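Novice: got a sequence here, can you build the structure:
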Amino acid sequence: MKEKLVKKADVFKGARVQICAFNVAGLRAMIKNKPETFRRIVQSTECDVLMFSEHKLNEENCEDVRLELRKVLPEFMTCEFAVSKAKKGYSGVCVLAKAKIAGASVGSPMKQKTLTDMFGAQRQQQKEENGTGEYGGPKILSVKEGLLEKKHLEEGRCLTIEFEKFFAVFAYVPNSGQKLDRLDWRINTWEADMREHLNELQKSKPTVYGGDLNVAHLDIDVYNIDAKHIPKSAGTTPQEREAFQVMLNDCKMKDCFRHFNAEKTGHFSYWSQRVGNRPKNRGLRLDYFLASDSMFDENSAVRVVSSEIFTELEGSDHAPVTITLDVVL
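Specialist: Numbering: from 1, shown residues only. You can find the predicted model right below:
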């Protein structure tokens, strides 16, 4: 059992903000077949922001899924999607947050379609007017899809949330493919554009970058690093692993989990279900949070406190990963 996080009164100067990222490998299927997974994740991680990658939704599915998510996670007032337009039922990123987007009315992110929804929104409005039930963490200023000036909108792979004191970039990084047919594009286009995107954001605010980044960076992030197929497999090629290090260097960011667990082995976030690798812990660490170097300064207004992998939380072939921030408002 993981130890409970130290409470705010003990070590936090400001608001404790917990962010969780989870590759669900199909959001509609999880809602239909494993709805209890959502509440279990939120209760276990105590997250304020929840990001799902590889939701596989089409645009026409999003509204129904919003309503279903609101039923199981009513405290999350914001729900935004990036959806693949190039290919149906492919990739996709979803972000839920307890904070509302600045200027949004109650119920607008999760649109009201029934009397129950309407009256529920009215009750929430009354709670907020009476000073109860309102989320006290950092406010969201905007949510934008894609990178830079609206690049990479076709496959629904990235959402950037601007909070008052920091940015949070959530991504489902393209897989290089079984035959590595997308490797060059991923390295020379996607990775280059993401570095530029992160550096542009960091000119004004510290930045968190998280999600399924589809790479096992270090040897200890691969259970069978000596296997002959590893250098030829998507996510473990030398080019992808080197590109990850280039990002850390060029963007002046740190891998949060490794910052706190530099030498720990056997910590993975993905296991192949096809060959039953999870019970044997034969996995890869593909899911990450990176953060600006400045966020590890004890005096920073936005400080990284911890980062974890919740291997005991099942629901897909990935495990949820988290980052805990101390944000002085």
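Novice: going forward, measure contacts and count neighbours with C-alpha atoms only.
Specialist: Fine.
Novice: element containing residue 137?
Specialist: Residue 137 belongs to no helix or strand when elements are defined using DSSP states H and E.
Novice: list the contacts of the nearest residue to it once chain neighbours are set aside.
Specialist: The shortest distance from residue 137 to any non-neighbouring residue, by Cα to Cα, 6 or more residues apart in numbering, is to residue 15 (5.9 Å). Residue 15 sits next to 8, 136-138, 325-329 when contact means Cα atoms under 8 Å, 6 or more residues apart in numbering.
Novice: can you get me a residue count around residue 50?
Specialist: Neighbours of residue 50 under the rule other Cα atoms under 10 Å: 25.
Novice: typo on my end, it should be residue 102
Specialist: Neighbour count for residue 102, taken as other Cα under 10 Å: 11.
Novice: burial check on the residue lying closest to it once chain neighbours are set aside, number of neighbours?
Specialist: Spatially, and ignoring its direct neighbours in sequence, residue 102 is nearest to residue 141 (5.2 Å; Cα to Cα, 6+ apart). By other Cα under 10 Å, the residues close to residue 141 number 17.
Novice: same question, residue 310
Specialist: Around residue 310 there are 21 other residues, counting by other Cα under 10 Å.
Novice: thinking again about what came up before, can you lay out the contacts of residue 15 as JSON lines showing neighbour count, pLDDT and distance to residue 244?
Specialist: Output for the contacts of residue 15, formatted as JSON lines (neighbours: other Cα atoms under 10 Å; pLDDT from 0 to 100; distance: Cα to Cα, whole Å):
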{"residue": "8", "neighbour count": "12", "pLDDT": "39", "distance to residue 244": "33"}
{"residue": "136", "neighbour count": "11", "pLDDT": "91", "distance to residue 244": "35"}
{"residue": "137", "neighbour count": "18", "pLDDT": "94", "distance to residue 244": "31"}
{"residue": "138", "neighbour count": "20", "pLDDT": "95", "distance to residue 244": "29"}
{"residue": "325", "neighbour count": "23", "pLDDT": "98", "distance to residue 244": "23"}
{"residue": "326", "neighbour count": "23", "pLDDT": "97", "distance to residue 244": "26"}
{"residue": "327", "neighbour count": "22", "pLDDT": "97", "distance to residue 244": "27"}
{"residue": "328", "neighbour count": "16", "pLDDT": "96", "distance to residue 244": "30"}
{"residue": "329", "neighbour count": "14", "pLDDT": "91", "distance to residue 244": "32"}
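Novice: relative to residue 215, which of these is nearest.
Specialist: Of all the contacts of residue 15, residue 325 has the smallest distance to residue 215: 23.9 Å, by Cα to Cα.
Novice: wait, the closest one touches residue 18, no?
Specialist: Yes - here residue 325 reaches residue 18: they are 6.3 Å apart, a contact under Cα atoms under 8 Å.
Novice: picking that back up, gap between the residue nearest to residue 137 and residue 136?
Specialist: Computed as Cα to Cα, to the nearest Å, the residue 15 to residue 136 distance reads 8 Å.
Novice: what do you get for residue 326?
Specialist: 13 Å.
Novice: what's the local residue count around residue 82?
Specialist: Neighbour count of residue 82, defined by other Cα under 10 Å: 27.
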